[in-house]
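Participant: Using only what follows, build the 3D model:
(one chain, ligands or ions: 1)
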Amino acid sequence: MTLEKDDTRGYLITFEGSEGSGKSTQISRIANRFEAAGYDTIVTREPGGTDLGEEIRHILKHGHSGNDMTPEAELLLFAASRAQLVREVIRPAVDSGKIVLCDRFMDSTTVYQGIGRKLQSGPVHVINTFAVGDTMPDVTVVLDIPAEIGFERLRHRVSDLPDRMEQENIEFYRKVREGYLMLAKALPERFIIVDGTPDPDTIEERIWRELRNRVI
Ligand code: TMP
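Facilitator: I've put the predicted structure just below:
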């Protein structure tokens, strides 16, 4: 399916998946593909992507004050970072015809805070909608991996210690995975599920084939 849109507008393509699903690797590969195909492309991430958002990211992942953070406060901090990113970066880029590839977006909140932290879906939906306004993703790619594989990949990551969000147990990540699959089933027009377990070249090829069909 090719998305219907006016010719001057770009696209917002979001990438979702649990920890260790390989999103960052694939996002940079797909950005190269779009650039090589002649599309002006930017990559951004959540939480973060703006000065304010990166400060919020630090609080959420590594801040001292994060130890006693309530799920409600966590939800609002993710939403604050997103509200800033949408208006400062994503909206202007999409309006000027660019392809925006965003590492996580509102579906992370639905899944992690709504299903993972068990916050009520009504308020989560209202806050998500308030944060993004009418800037909805055109396409969302979910990199799907079993929670056990994500955990194993995190354990072998050489970079740094697990952050606050990465200290959850395997049950939490099983719920996250199921949450994404449920969302994708409910919104098949927007979601693409890609198996995140093969080698990176194979995954890239699959994502690119799907995106090319929809976007180019
Ligand atoms: P990451 O950028 O390394 O994936 O880390 C972001 C972490 O924050 C990850 O554990 C998922 C979590 N997260 C939420 O819980 N809710 C959200 O809305 C977003 C954007 C991320």
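
Participant: For the residue lying closest to residue 71 once chain neighbours are set aside, grab the count of nearby residues.
Facilitator: Nearest non-adjacent residue to residue 71, counting by CB to CB, 6 or more residues apart in numbering: residue 117, 4.0 Å away. C-beta coordinates here come from the backbone N, C-alpha and C atoms, glycine included. When neighbours are defined as other CB atoms under 10 Å, residue 117 has 18 of them.

Participant: Hmm, residue 117 is touching residue 70, no?
Facilitator: No. With contact defined as CB atoms under 8 Å, residue 117 does not count as touching residue 70 (9.4 Å).

Participant: ok, which stretches of the chain are strands?
Facilitator: 11-16, 41-45, 99-103, 139-144, 191-195 (DSSP state E).

Participant: and the ones you listed as TSV, adding mean neighbour count, distance to the ligand and mean pLDDT?
Facilitator: Below are those laid out as TSV (neighbours: other CB atoms under 10 Å; distance: least, CB to the nearest ligand atom, whole Å; pLDDT from 0 to 100):
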stretch	mean neighbour count	distance to the ligand	mean pLDDT
strand 11-16	26	9	98
strand 41-45	19	6	98
strand 99-103	24	6	98
strand 139-144	22	11	98
strand 191-195	18	17	98
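
Participant: Make TSV from those strands and add distance to residue 216 to it.
Facilitator: As requested, these are arranged in TSV below (distance: least, CB to CB, whole Å):
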stretch	distance to residue 216
strand 11-16	10
strand 41-45	12
strand 99-103	10
strand 139-144	12
strand 191-195	14
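
Participant: Looking at these, spot the one closest to residue 52.
Facilitator: strand 41-45 (13.2 Å; CB to CB).

Participant: That's all I had, so thanks and see you.
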